[in-house]
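Peer 1: quick one, what's the 3D model for this:
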Amino acid sequence: MREQHVLSSTMASRDAFMRVADHVERSDLSEQGWLIWEGISDYYDTDPLVSRVDAELLAEAVARRVPADKHKDMFRELVRNAAEFEASPENVVADLLETKRQRVGHELASALLAGDSAGELFDQYDKLLSAEDFGNGEDEEQRRGLSVRELVQEGFDRSGLVQVLPESLNRRLDGGLRPGHHLVLFARPEMGKTMMTIEMMAGFLLQGLTVLYIGNEDPIDDVNMRVINRLSGMTKAEVMSEPDKADEVIRPKGYDNLILASLAPGTAREITSLIEAYEPHVLVLDQLRNINMHDDNRVLQLEKAATQARQWAKRYSCVVVSVTQAGDSASGKAILDLGDVDYSNTGIPSQADVMVGLGASDQNKMRGEVVISLPKNKVSGRHEHFAVLSEPHLSKFVSLD
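Peer 2: Have a look, this model is predicted:
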């Protein structure tokens, strides 16, 4: 593997970088090359929208990492040379992956012949074999001349729907979401965002789906307990007194398919690694505003996070549920609209297929109700609002219609 080819290609193409990022090791590069590689990684991590690296910005960023002033110009020149070097990202990526496959394959064969443990090598080799072909991303899928029957069978088969609890919400989504859809849940503090998230997760688990929950807001053990309450139908006190009984109830209901990850706050690269490790059917991001998108501007931070969430849904063909805040305008309101999304009433909605707002008037609160609003619904087009009954001790919502 030629270092300049790798650096040049990954600077020129974000897609090339994403394909090889998990396979480039420190030992593959020189000390100078590794420092530049880290700069490329940070550059893409900072802005999920950028498609290539700006060489001058990278040169200065790398120079700042070099403690000795006399070496700063040398690193600037190395970055500029890599940017000017002409390399084919497609061929460089293919060559790098094939080289890695051969090396790991030989190591695996040697380990098997020697009777040594080869679990990690099996995993590495399998990951290299399953690496996606360059340029065949989901955004490049092209369709032409499909018959109506083919379109219905391939794109709208109801057997592939991911149902979303509570049931009254699922009906208004025409039976559920499809892999690749992005749902954004928003509400004021203490209005039931976490409870609605748990209600949805319980529904996903009951369908036998794998759910990856990324939490950066509430303590992860608290969320775990509330999931157990919802699946078992037992209160926290009951679970504490009879844990074995709760365990027997929740296992057949899909509890083993739940992965809870606490990131504080978590970066896009860290979350991507978890997605690739667990391959979830559903990804839950709680909350968008706490994902580190390397931007001090709150509006841009949220827009970048929402854009990244949508990209995860498309790239990994999973349903993504993102949680965010509603602004002061939503205080005391039962029916929420797009303008009530905190700091991002344009950026976040533009990246969502479905927006679910939670609100309540004083009368709703007295009756133990929460009002669900659908200010955006590309799935069915039904922009409705309706009340559901909350049961906080079980983290459960009950449909009223």
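
Peer 1: neighbours of residue 239, how many?
Peer 2: Using other CB atoms under 10 Å, residue 239 has 18 other residues around it. Backbone N, C-alpha and C define where each C-beta goes, glycine included.

Peer 1: find the nearest non-adjacent residue to residue 389, please.
Peer 2: In this structure, residue 389 finds its nearest non-sequential neighbour in residue 398, 4.3 Å apart by CB to CB, 6 or more residues apart in numbering.

Peer 1: what helix or strand is the one you found on?
Peer 2: strand 396-399 (DSSP states H and E).

Peer 1: give the buried residues for that strand.
Peer 2: 396, 397, 399 (16 or more other CB atoms under 10 Å).

Peer 1: just curious, which of those residues is nearest to residue 21?
Peer 2: residue 397 (39.6 Å; CB to CB).

Peer 1: from what I see, that closest one and residue 197 are in contact.
Peer 2: No. Using CB atoms under 8 Å, residue 397 is not in contact with residue 197, being 10.9 Å away.

Peer 1: could you pull out the strands in the stretch 151-300 of the chain for me?
Peer 2: For the stretch 151-300 of the chain, the strands defined by DSSP state E, counting those that start in this stretch cover 182-187, 211-215, 258-262, 282-286.

Peer 1: still on that earlier bit, paired strands for the strand holding residue 398, with orientation please.
Peer 2: According to DSSP bridges, strand 396-399 forms sheet pairs with strand 385-391 (antiparallel).

Peer 1: surely residue 307 and residue 50 touch.
Peer 2: No. With contacts counted by CB under 8 Å, residue 307 stays clear of residue 50, the gap being 11.1 Å.

Peer 1: pick out whichever of the two has more residues nearby.
Peer 2: Between residue 307 and residue 50, counting by other CB under 10 Å, residue 307 is the more crowded of the two (19 against 11).

Peer 1: okay, the more buried one: pLDDT?
Peer 2: Among the per-residue scores, residue 307 holds a pLDDT of 91.

Peer 1: any idea how far it lies from residue 355?
Peer 2: Using CB to CB, to the nearest Å, residue 307 is found at 15 Å from residue 355.

Peer 1: got it, and residue 339?
Peer 2: For residue 339 relative to residue 355 (CB to CB), the value is 11 Å.

Peer 1: tell me which of those two has more neighbours.
Peer 2: The neighbour comparison of residue 339 against residue 355 (other CB under 10 Å) goes to residue 355, with 25 against 13.

Peer 1: for the more buried one, give the beta-bridge partners.
Peer 2: Residue 355 has the following beta-bridge partners by DSSP bridges: residue 184, residue 376.

Peer 1: I figured it hits residue 345, correct?
Peer 2: No. Residue 355 lies out of contact with residue 345 (CB under 8 Å); the separation is 10.3 Å.

Peer 1: anything in contact with each of the two?
Peer 2: Common neighbours of residue 355 and residue 345 (criterion: CB atoms under 8 Å, 6 or more residues apart in numbering): residue 338.

Peer 1: which residues of the stretch 51-200 of the chain fall in helices?
Peer 2: 55-65, 69-84, 89-114, 119-129, 148-155, 167-172, 193-206 (DSSP state H, counting those that start in this stretch).

Peer 1: what's the domain layout of this protein?
Peer 2: 3-129, 158-399 (automatic domain parsing).

Peer 1: I appreciate the help and will end here.
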